[in-house]
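# Structure for the following, please:
(chains A, B and C)
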Amino acid sequence: MKKSLAAVAAGSAALLLALTGCSGGSGSPSSSGPVELTVWTGFTGGDRPGYAKIVKDFNASHKNIQVSMSVQPWDTITQKLPSAWLTGSGPDIAAPSSDPNAIAQYVKTNSVLPITATGSGDSRINVDKIAPALIKEYTYGGKLYAVPANYATLSLYYNKKLFAAAGISSPPKTVADFQADAKKLTDPAKKQYGLVLADNQTIQMWPILQWLQGGDIVDSKSCSVLQTSQGQASLKPWADLVAKDKISPVGLTGAEADSLFSAGKAAMELNGPWAAPGYKSAGIDLGLAPVPTGTDGKSVTLGSTAPLAISSKTKYPQQAQEFLAYWTSKTAQKQFSLQTGFPTLRTDLADDPDLKANEIISTFTEQVPDARLYLPQVPQATQVDANGYVPLIGKITRGQDVAAQTSAAGRTIDALTGCSS
Amino acid sequence: MTVGTPVRVEGGAAPSATRAAPARPRPRRRIRWQPAWLFMAPSLAILGVFVIYPIIVSFWYSLHDWTIGAAVQPFVGLGNYVALTKDPQFWNALVNTLELTVVSVGVLIVLGLALAIGLLRDSVVTKVVRSAFFFPTIVSLTSIGLVWRFLLDPQLGLVAGVSQALGSPAVDWLQSTSLALPAVIFVDIWKNLGFVMIILLGGLKGVPAERFEAGRLDGAGDWQLVRYITLPSIRPTLLFATLILTIQSLQLFDLVYVMTGGGPLFATDTLVTEVFREGFVNYRTGYASAISWVLFALIMLISLIQLRIFRYDDVD
Amino acid sequence: MSIDASRLPRRSTAPARAGATVKWVVIGVGVLVAVVPFLWMLSVSFRTERDLFQNPASLIPQTWSLHGYLGVWEQLPFLRLVLNTVIFAGVTTLLTLVLDSLCAYALARMRFRGRNIAFIIVIATLMVPFQVTLIPVFIELYHLGWLNTYQGLIIPRATSAFGIFLLRQSFMSIPIELDEAARIDGAGHFRIYRQVILPLSKPALATVALLNFMALWNDLLWPLIVTSTPEMRTLPAGLTLFGGAHVTDHAVLLAGATISLLPLAIAFFLAQRFFVAGVATTGLK
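The predicted model follows:
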């Protein structure tokens, strides 16, 4: 057997030698030319050109740094990035996920670099000018590990034609109107839905519904409050609206909900600014309004942000931070908002007249102060979502008992977050 | 290959039987094995480096609370495997995977054999029909998953459109916890039927016509011919098809991932979609590796049982 | 000598004829089920969303729209993707044929100690799910410096256990006497392999080539994992990148699927003889 092993080894060595002859290219990156930085992001949607413009403008104004951005689906980044960053073969900068909580994992494994080039001026990251909630979300143990690549709020999209046909003159202002309108706009005979609600592969919209009714998912100690009486009371009416009144099909993905709305089969949807161009080009008579106020009379919506972080193995930490500084700069962000309709992530752009003049941007920006993040800084947030919250919504919208399911989900969530109450 | 070379009469076991015939002097036999390893070296090297070594590494991961990139990978022994036995999601995925495999492989073999027998005679019509059935085989599972996801959509899919035109309500196949798995199984069968048919056709073409004639002369009916002549004659081909299909079904991922993502409510979760979720969404590499080792062991076990059932004695 | 069914004694009674009718009706329905999804896919790739939602029962677009294809064409370096796919699938398939047939020859035709173990090891590698080895393989490719290179795409795929298995079965059905005759003429193993076994195994080799080429052409995850720059992507990978999470237009997604299927479909219609007849006559045992 020894001899045969030797034969295999000899054969494979010969093979590898023969093949490595043609392997070149990797290694020795720095000659005398400009520093080259790579960025991976998953922005494949309608907002993609906005990010590409930031990179292009940066390259034009920074001759000594050239950035190339590779856009691939979030799924692919999820699979490749951990091992790519571990081996140091990954990009210098990446948006690891569309979920801000994903950064926690990379912090835990020391894969991302703490950001230090903060301060004022265009070559530094103006931390004090970025929305505080976002900075807080990306800070672990007192250190900042990412900057927001974007900041979006969800607003209420509605189909004016369907509203007129149902005799409703204006978008709902309160949660009571919201629910009544959703019911009134539902017409099974025409396969028309009042309010399409996605619950998987989407930016979560169910937390908004809960917040409107005074409920929440976890408390400040990351303990589930779904099973409390407020928790149940905030889920029950919506679950009934889906399960009994059929205001929405069950189990929609984000993309499926969007396509129902753009086909004119849904009267209302909660969605971010990236959806507007598609709906307009689909010929929808589009209305946009802030999310209705909750039972307490206050406004609330969900904020969504993707993190942009630097690999701890990058050879060019300074240049990478310079790029993040440019990305989040006033010039770049104003340009980005105007191009994509996203609200601004900078506080010093909130009152910018050019941004205010744009109806879409101003609707989304108006809600920034009321926006809350989904499971911010909750331990194992991605699992709380996948194993706790998403299955719960799936079950109660299929008519299962809210009391029983919330307490089961609560146990799952508490076990994941390590809540000890 | 001329399928009717006179020497070959006995099916799969024949060549080895012939080869086993002694009385051939082999004076230098003791060193004959050397060139064999040279012939196999490139393939074995690649399989060794890119499949066998990685699977061993993943077993190592499965003994740890392994997270990619973490400074410390605590050793937990069989802890991950013990945790599996108490994990309802694992059992759910296991049951789904087994159900999917048993149903799809069973239906595929029966339908594929029926089609192969039905389309055995070469004519223009049978060739066209065979091509039509084979066509789905050339398409990627990702595309197929996408097309069927839309086809089965209650709002815009052709299936719902036609059933509503006929007066029955649209069914939301992929959002029903009881119908989603059958729908995925159906598409899996739809995709693989042509492949099975062609493989079995290849086997049937190799069966000498004399056997059937002899059977007819003995007064056998159609069913008896199938039972006593066709099936035994193509046993190795049946085994090959069953084995390949079983291995593929147990590893099914792309189709499920595109059609349902494992949902609704984990109703179509398979072992590999669970491996994907634990390993790449929840970052529990050690735990995901443990699941995949259970799957690997399961595939080995089932393959061995199949080899035994079919008495695949040609491995000498 | 394939079965010539016409030589079999047949009873052409009424029930038999009714049976034949039922058989062809069932087969006809089966053909419809096999083909209609593709016609529908083609149709939807030319339809607007509005048309799709309003006429779900129709197979034919009410209004034709090219926006799906235009979107794909404008945003993808199309020729580069096709070239990469051809290189990846083509070179890998050629290598696979050589390496698999060599290995299969040893397993089918040579007697040596450890043959069963070698065969079992090869078969066992079939049973390894790809997701499991993904992280270790990635790390290996990194150490070899093969990430984002053609050799990284090709070498790890340059042999297939399935191909070895299939070729071994096929080689075993070739009469051993042919080897003996060649050996008496003084031929060594390599000459027997090249001049006796390979020429007699063309259908089996064509089958392995075909199945491999299709699998590689359609492969999504592997090229996505190994490559990181757009210039190295293959067609299915490139199309996936194009159809991201926020693309909701069914025409765009199905136009992408149609485009990635098209080259294979054209090859299929041109070379049906190989695709179907080839697989059917491997003499697989």
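
# so B:Leu120 is in which element?
Using DSSP states H and E, B:Leu120 falls within no helix or strand.

# residue in chain A nearest to chain C?
A:Thr44 (2.3 Å; Cβ to the nearest Cβ). Where you see a C-beta, it was placed from the backbone N, CA and C, and this is true even at glycine.

# what about that residue, which SS state?
coil (DSSP: H, G, I helix; E, B strand; the rest coil).

# Quick check: it touching A:Asp75?
No. Using Cβ atoms under 8 Å, A:Thr44 is not in contact with A:Asp75; the gap is 10.6 Å.

# Test my guess that A:Val242 contacts A:Gly251.
No. Assessed by Cβ under 8 Å, A:Val242 is found out of contact with A:Gly251, at 9.9 Å.

# any idea where the helices of the stretch 301-421 of chain A begin and end?
For the stretch 301-421 of chain A, applying DSSP state H, counting those that start in this stretch gives helices covering A:317-327, A:330-340, A:353-357, A:359-366, A:381-383, A:390-396, A:402-417.

# what do you get for the stretch 1-150 of chain C?
Counting by DSSP H, counting those that start in this stretch, the helices of the stretch 1-150 of chain C are C:14-44, C:49-54, C:67-75, C:78-109, C:115-126, C:130-144, C:150-154.

# List the neighbours of the second one that are in contact with it.
Going back to what we said before, that points to helix C:49-54. Applying Cβ atoms under 8 Å, 6 or more residues apart in numbering or on different chains, the set of residues contacting helix C:49-54 from outside is A:259, A:262-265, A:282-283, B:155-156, C:44, C:61-63, C:249-251.

# sorry, back to before: possible to save the helices of the stretch 301-421 of chain A as a markdown table with mean pLDDT, distance to C:Cys103 and mean neighbour count?
Formatted as a markdown table, these follow (pLDDT from 0 to 100; distance: least, Cβ to Cβ, whole Å; neighbours: other Cβ atoms under 10 Å in any protein chain shown):
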| stretch | mean pLDDT | distance to C:Cys103 | mean neighbour count |
| --- | --- | --- | --- |
| helix A:317-327 | 95 | 47 | 21 |
| helix A:330-340 | 93 | 54 | 19 |
| helix A:353-357 | 90 | 65 | 12 |
| helix A:359-366 | 90 | 61 | 19 |
| helix A:381-383 | 87 | 43 | 23 |
| helix A:390-396 | 94 | 46 | 24 |
| helix A:402-417 | 94 | 47 | 20 |
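
# Redo the ones you listed as a markdown table? Include distance to B:Leu217.
Output for these, formatted as a markdown table (distance: least, Cβ to Cβ, whole Å):
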| stretch | distance to B:Leu217 |
| --- | --- |
| helix A:317-327 | 83 |
| helix A:330-340 | 80 |
| helix A:353-357 | 91 |
| helix A:359-366 | 83 |
| helix A:381-383 | 68 |
| helix A:390-396 | 63 |
| helix A:402-417 | 68 |
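
# which stretch among the ones you listed comes nearest A:Pro172?
Nearest of those to A:Pro172, taken as Cβ to Cβ: helix A:359-366 at 14.8 Å.

# just checking, what packs against that closest one?
Under the contact definition 3 or more Cβ pairs under 8 Å, 6 or more residues apart in numbering or on different chains; DSSP states H and E, helix A:359-366 sits against strand A:152-153, strand A:286-289, helix A:353-357.

# Let me have these in a markdown table, extended by distance to chain C.
Formatted as a markdown table, the helices and strands packed on helix A:359-366 follow (distance: least, Cβ to the nearest Cβ, whole Å):
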| stretch | distance to chain C |
| --- | --- |
| strand A:152-153 | 12 |
| strand A:286-289 | 15 |
| helix A:353-357 | 22 |
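
# Can you add distance to A:Lys161 and give those back as JSON lines?
Formatted as JSON lines, those follow (distance: least, Cβ to Cβ, whole Å):
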{"stretch": "strand A:152-153", "distance to A:Lys161": "25"}
{"stretch": "strand A:286-289", "distance to A:Lys161": "10"}
{"stretch": "helix A:353-357", "distance to A:Lys161": "26"}
